[in-house]
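Structure here, sequence nowhere to be found:
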């Protein structure tokens, strides 16, 4: 389903916006992906281990909150960097249209990073179906539907695929947030543990390098 959804989205981009639209999307998506990988610091992959090793929901919540303390500031920082460096990055690829699309994806780094954290956490709970849907299939499916809608109401700008993708990220992020919060019963409170950032990073950074 994920492969089919990704192909559908790529097909729609090429069909509606041609090779130029696909090129703009590919470059912008790559910048988004690299920024997201850096911003999660490997903590998405490490979340599988953290969840699987801890039977206490309170301990998992403590780890989750500490992960957020690392991921949120870094994601926001990288978003700001991408936003203000968009003219410079566009000059590298000699395409001024990238200024607008890179600015758009700067707002998608944080929610995409948290989707990765939430989905991998669900994987740690052995909920592979939800993990697969949230991590791989849902964003291109929602983005395809949005792209079809936006094109049919007359939005022919080459940045439209990126707008559709970023909106899809926020939509899937909200779903992942509700599912994850329900899974760990977030509103029941948690006890501040002794989980250090050094402990988290010692596990996650080798995964980031991988």
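Thanks, I have the structure now. This structure is a prediction, so every number in the text was calculated from the model and none was measured. Numbering: from 1, shown residues only.

Just the strands from this protein, written as ranges.
Counting by DSSP state E, the chain has no strands to list.

Run through it and note the low-pLDDT ranges.
The chain contains residues with pLDDT under 70 at 189-194.

Where is the longest helix in it?
Longest helix in the chain by number of residues (criterion: DSSP state H): helix 2-40.

Any buried residues in it, and which?
Residues 5-6, 8-10, 12-13, 16-17, 21-25, 27-29, 31-32, 35-36, 39-40 are the ones in helix 2-40 that count as buried (16 or more other C-beta atoms under 10 Å). Where you see a C-beta, it was placed from the backbone N, CA and C, and this is true even at glycine.

Then stretch 48-63?
Under 16+ other C-beta under 10 Å, the buried positions of stretch 48-63 are 48, 50, 51, 58, 59, 60, 61, 62, 63.

Please determine how far residue 36 is located from residue 162.
For residue 36, the distance to residue 162 equals 14 Å [C-beta to C-beta, to the nearest Å].

Residue 202 now?
Note on residue 202: its distance to residue 162, by C-beta to C-beta, is 36 Å.

Quickly note the distance from residue 108 to residue 156.
22 Å.

likewise residue 179?
For residue 179 relative to residue 156 (C-beta to C-beta), the value is 35 Å.

of the two, who's got more company?
Neighbours were counted for residue 179 and for residue 156 using other C-beta atoms under 10 Å; residue 179 has more, 18 against 10.

Pull the contacting residues for the residue nearest to that one when sequence neighbours are not counted.
Using C-beta to C-beta, 6 or more residues apart in numbering and skipping residues adjacent in sequence, the residue nearest residue 179 is residue 130, 6.4 Å away. Listed by C-beta atoms under 8 Å, 6 or more residues apart in numbering, the contact set of residue 130 reads 119, 122, 179.

Tabulate the buried residues of stretch 48-63 in JSON lines, adding columns for distance to residue 101.
Converted to JSON lines, these look like this (distance: C-beta to C-beta, whole Å):
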{"residue": "48", "distance to residue 101": "32"}
{"residue": "50", "distance to residue 101": "35"}
{"residue": "51", "distance to residue 101": "35"}
{"residue": "58", "distance to residue 101": "42"}
{"residue": "59", "distance to residue 101": "41"}
{"residue": "60", "distance to residue 101": "37"}
{"residue": "61", "distance to residue 101": "37"}
{"residue": "62", "distance to residue 101": "38"}
{"residue": "63", "distance to residue 101": "35"}
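
close enough to count as contact, residue 95 and residue 25?
No - the criterion here is C-beta atoms under 8 Å, and residue 95 misses it with residue 25 at 11.9 Å.

Look up how far residue 93 lies from residue 130.
Applying C-beta to C-beta to residue 130 and residue 93 gives a distance of 37 Å.
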